[in-house]
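Participant: What follows is a predicted protein model with its sequence.
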Amino acid sequence: MCGIIGYTGPLEARDLLLNGLAGLEYRGYDSAGIAYFNTASQVRIIKNVGKVAALRECVKKTAEVSHCGIGHTRWATHGGVTDKNAHPHRAGQVTLIHNGIIENYHQLTEEYGLGDKLVSQTDSEVAAWVLDAVYRDCRHDPLAAIGAFVKKLAGSYGFCILFDDRPGEIYAVRNVSPLVAAYTRSGAIIASDLTALISYTKEYFVVPEGHIVRLTPYKVRVYDMDYNRIEPEMLEVSWNMDAAMKNGFPHFMLKEIHEQPEALRNTILPRLAGNLPDFTADGIPDELFLDCNQIRIIACGTAMHAGIVAKALMEPLLRIPVTVSIASEFRYEDPLVDGKTLAIVISQSGETIDTLAAMRLAQSLGAPVLSIVNVKGSTIARESDHVFYTHAGPEIAVASTKAYSVQLAALYMLCCRMALTRGRCTKAQAGQFMEDLLAVIPAMEAMIGQSDHIRSFVRHLIRERDTFFIGRGLDYAFSLEGALKLKEISYIHAEAYAAGELKHGTIALIYDNVPVIAIATQDHVFAKTISNVREVKARGAYVILLAKEQAQLEDGVADMELRIPDLEDRFTVFPIAVALQLIAYYASIGKNLDVDQPRNLAKSVTVE
């Protein structure tokens, strides 16, 4: 969840490290630090609580020069937010930064008698002291020491390491926590995220799990745990640096909302053949869809909400059971999964640790896995049986927007192909389905065009402590993501309820002027949803209603209305998603909050 950057080469390392950390700020963090070799080949550490800008000011106070160093932004897991708990950590001849969690740190503390040595409350410092002891035992052989060191660890980790007697060299090793590396004309660089590399190169490799990387100013070498050199698989970034910049927008989130129509075009159009979904280029065979008798969708957060929409779409069309599992719960529920289960795993980053662990369990139970991932070469993508890559480009804001939309597009296309393959629809019906899917793109553009109108909705929201979302069927599925968006960036307590359940308890929460965002785009339950709207309105709620242009409404049903283009019911999620994202965005703006980096959150969740 934290950010890692490491560099060795002819450039000024301190500036590069600070710029790299600034590029990783979107991941979420509470402190930052760098460690580097100075001209006397001594390791110097500068770190503090707060933003990278504050760290930059601290670094400016020293006049040193460096050509090798490591940097880190921390998101607290073990120990509070303090300067001492910030990374890097130093122990004897070892200085390191760490992403992940060392689960057996307490046992290691006792085994190595570290109680009096520790100056922080972190598992990462414990790891540094253990590595220092092992390094001495291995007679200062870095490869042997790291190989022996990781055998002592339980948990997840991505380490970048400096050894005092190896100036100019960086060592790295990972288990689960992602690392990417590259050698460029400007030197060798390693990071937790591609955004830190893209300014220097488009060619990179994903550090394989259970391998050691040695970076010097002139080369990058990768070794397996038998210390044999291996050649990593080189990949190429498909987007340029502009995609990771705001480009005139005040926030990344707003830019990414505006990018959704293009992201959908990039995801859908290359997979159309004769107006039908075609996954030949993805290597996804039709047999995968024929050989299953149930579907398990496994995901977290926003990706899980995309799965809930897919369930509501798939079951009526495919007529097979579809279960959506929260990835963090999946491993502990003794799931009913076998070789006839198609497991669809969804993760924007492809590194979400709960989703990765759940996927591995599904595979161990015999289920073939199809992953929907946005990051090429990520762990989930590499370990899946089949991959559907979305083409959203980099998503920098913590709150997911365009990743959600392209995940939905992927699920809709998969559903259409599966229905066609299994004889649940004709080619003509599948073609119409895809035409309807393409029609959502101008509908999303139309919603973006209503931004000013949508902004007017939040004046009431930001004055209240709660907001409730209601809807039926697919509208309820949509509302779950709307509630998550509002709460995660505006800090307004928001909940989504199936509208028909209000009378079974939750209507007790309605009070005068409480905002209720009602979604009513499903024609077959429209009248019933409006009845539920009347129920909350009668109890004093302030109702914001989202409905189709063609919907007939009496005066006074809602306090404010937003009309979306007249799409076929199954496809209204796409413009609704834009509307709900904009509501959350403007609510955050109205409260003067940090839209792109909300408190306590991180972009890529790589710890349990």
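Facilitator: Received, thanks.

Participant: hang on, residue 380 packs against residue 353?
Facilitator: No: between residue 380 and residue 353 there is no contact under Cβ atoms under 8 Å: 10.1 Å. C-beta coordinates here come from the backbone N, C-alpha and C atoms, glycine included.

Participant: which of the residues in stretch 155-168 are buried?
Facilitator: 155, 156, 157, 158, 159, 160, 161, 162, 163, 164, 166, 167 (16 or more other Cβ atoms under 10 Å).

Participant: Now flag whichever of those residues is closest to residue 426.
Facilitator: Of all the buried residues of stretch 155-168, residue 426 sits closest to residue 156, with 47.6 Å by Cβ to Cβ.

Participant: What's the separation between the closest one and residue 600?
Facilitator: 20 Å (Cβ to Cβ, to the nearest Å).

Participant: cool, and residue 81?
Facilitator: 11 Å.

Participant: Between these two, point out the one with more neighbours.
Facilitator: residue 81 (14 against 10; other Cβ atoms under 10 Å).

Participant: which SS state does the more buried one fall under?
Facilitator: Using DSSP: H, G, I helix; E, B strand; the rest coil, the structure places residue 81 in coil.

Participant: Let me see the contact set for it.
Facilitator: For residue 81, the contacting residues are 30, 31, 49, by Cβ atoms under 8 Å, 6 or more residues apart in numbering.

Participant: Check the gap between it and residue 26 for me.
Facilitator: The value you get for residue 81 to residue 26, if Cβ to Cβ is used, is 18 Å.

Participant: Repeat that for residue 393.
Facilitator: 14 Å.

Participant: Residue 248 too?
Facilitator: In terms of Cβ to Cβ, residue 248 sits 18 Å off from residue 26.

Participant: Looking at those two, which has the bigger crowd around it?
Facilitator: Set residue 248 next to residue 26 and count neighbours by other Cβ under 10 Å: residue 26 wins out with 23 against 6.

Participant: Residue 268 falls within a strand, correct?
Facilitator: No: going by three-state DSSP, the assignment for residue 268 is helix, not a strand.

Participant: excluding its backbone neighbours, what's nearest it?
Facilitator: The shortest distance from residue 268 to any non-neighbouring residue, by Cβ to Cβ, 6 or more residues apart in numbering, is to residue 409 (5.6 Å).

Participant: Residue 516 pairs with what?
Facilitator: Beta-bridge pairing for residue 516 (DSSP bridges): residue 468, residue 543.

Participant: can you pull the contacts of it?
Facilitator: So residue 516 contacts 467, 468, 469, 470, 510, 533, 536, 541, 542, 543, 544 (Cβ under 8 Å, 6+ apart).

Participant: Please report how far the fifth one lies from residue 467.
Facilitator: Residue 510 sits 12 Å away from residue 467 when distances are taken as Cβ to Cβ.

Participant: between those two, which one's more packed in?
Facilitator: residue 467 (28 against 18).

Participant: any weak-confidence spans in the chain?
Facilitator: Within the chain, the segments meeting pLDDT under 70 span 1, 27, 239-245, 602-608.

Participant: So in it, which helix runs the longest?
Facilitator: helix 402-421 (DSSP state H).

Participant: okay, now the closest residue to residue 485 other than its chain neighbours: neighbour count?
Facilitator: Spatial nearest neighbour of residue 485, chain neighbours left out: residue 584 (3.8 Å); criterion: Cβ to Cβ, 6+ apart. Residue 584 is flanked by 30 other residues according to other Cβ under 10 Å.

Participant: what's the helix or strand for residue 584?
Facilitator: helix 573-590 (DSSP states H and E).
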